[in-house]
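Enquirer: Provided below are the primary sequence and the corresponding predicted coordinates.
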Amino acid sequence: QKEVEQNSGPLSVPEGAIASLNCTYSDRGSQSFFWYRQYSGKSPELIMSIYSNGDKEDGRFTAQLNKASQYVSLLIRDSQPSDSATYLCAVNAPRDGYNKLIFGAGTRLAVHP
Amino acid sequence: EPEVTQTPSHQVTQMGQEVILRCVPISNHLYFYWYRQILGQKVEFLVSFYNNEISEKSEIFDDQFSVERPDGSNFTLKIRSTKLEDSAMYFCASSFDRGSYNEQFFGPGTRLTVL
């Protein structure tokens, strides 16, 4: 069973639209959740972290967490072509002592003008 | 803004050779990590390091791998005898805290090519 799952995409949205990226995880005891953005050939860049059920907003980004459903999502409002990248969901696993991030395979987002 | 730095950006080596990848974590961070990403695949955890010792390691991190904090700023990953399958991007990361709220910040990576 995969530990962190994401749709690989590509998710194609027009400029100015809302992009919705989803992630599910298997370890019910997971406590912290992160969204990273990775441009092609570059390193993961942390854009959001969320620890409690509900929504967390930061600029154009909103992370949503539902621990009962083991589901975390990222909304990008007013999508720009510069948002085109792969978005990685990462989960902190308590059974591993919280030091280890487990990554999903990422969802590729393409924002077209 | 403080950032994690890594050198070299690209390392080419022959199979069986030793390589050392270097990282300078963010200066007030206490926890250090290595991850790798094989082309087209997921980012995978290798090892975490705190207080001059390994906290956790993955199954990938076998006897061919070692980590060291040789001084107050550098954090290194050594691969003793490289294999073709070690070709990947290697990312160093650091965090200020541990526990369930630690945010890990990644360096730009070293692309390792084993011929």
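Expert: That came through, no problem.

Enquirer: how about the residue nearest to B:Arg98 when sequence neighbours are not counted, what does it touch?
Expert: Closest residue in space to B:Arg98, ignoring its immediate chain neighbours: B:Tyr31 at 5.3 Å, by CB to CB, 6 or more residues apart in numbering or on different chains. Bear in mind the C-beta positions are built from the backbone N, C-alpha and C, glycine included. By CB atoms under 8 Å, 6 or more residues apart in numbering or on different chains, the contact list for B:Tyr31 reads A:99, B:48-50, B:55, B:94-98, B:102.

Enquirer: go with 7 Å
Expert: If a contact means CB atoms under 7 Å, 6 or more residues apart in numbering or on different chains, then B:Tyr31 has B:48, B:50, B:94-95, B:98, B:102 as its contacts.

Enquirer: so how far is B:Leu84 from it?
Expert: Distance, B:Tyr31 to B:Leu84, using CB to CB, to the nearest Å: 31 Å.

Enquirer: go on, B:Val12?
Expert: 13 Å.

Enquirer: what do you get for A:Lys100?
Expert: Distance from A:Lys100 to B:Leu84, by CB to CB: 26 Å.

Enquirer: who's more crowded, the two?
Expert: More crowded of A:Lys100 and B:Leu84, by other CB atoms under 10 Å in any protein chain shown: A:Lys100, with 23 against 9.

Enquirer: Dump stretch A:105-113 to CSV, keeping only the CA atoms.
Expert: Taking C-alpha atoms only, stretch A:105-113 is exported to CSV below (Å, rounded to 0.1, in the frame of the first residue of the first chain):
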residue,chain,number,x,y,z
ALA,A,105,5.0,11.2,-6.4
GLY,A,106,3.7,14.7,-7.1
THR,A,107,1.1,16.2,-9.3
ARG,A,108,2.3,18.2,-12.3
LEU,A,109,0.4,21.4,-12.7
ALA,A,110,0.3,23.3,-16.1
VAL,A,111,-1.2,26.8,-16.1
HIS,A,112,-1.8,28.0,-19.6
PRO,A,113,-2.2,31.6,-20.6
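
Enquirer: can you pull out the strands in chain B?
Expert: B:5-7, B:10-13, B:19-24, B:31-37, B:43-50, B:53-57, B:65-68, B:75-79, B:88-95, B:105-106, B:110-114 (DSSP state E).

Enquirer: Next one: the shortest one, is it in contact with chain A?
Expert: Yes - counting by CB under 7 Å from any CB of the partner chain, chain A is contacted by strand B:105-106 at B:105-106.

Enquirer: Please point out which parts of stretch B:41-60 sit buried.
Expert: B:42-50, B:55-58, B:60 (16 or more other CB atoms under 10 Å in any protein chain shown).

Enquirer: Now for those: which two are most distant?
Expert: Greatest spatial distance among these (CB to CB): B:Lys42 and B:Tyr50, at 24.0 Å.

Enquirer: give the contact list for the most centrally placed residue in chain B.
Expert: Nearest residue to the geometric centre of chain B (CA atoms, centre = their mean): B:Trp34, 3.0 Å. Taking CB under 7 Å, 6+ apart as the criterion, B:Trp34 is in contact with B:46-47, B:67, B:77, B:90, B:92.

Enquirer: Same check on A:Glu5?
Expert: A:23-24, A:104.

Enquirer: If we ignore the residues flanking it in sequence, what's nearest A:Phe34?
Expert: Nearest to A:Phe34 is A:Ala90, by CB to CB, 6+ apart, at 4.4 Å.

Enquirer: The one you found contacts A:Lys100, doesn't it?
Expert: No - contact criterion CB atoms under 7 Å: A:Ala90 and A:Lys100 do not qualify, at 9.8 Å.
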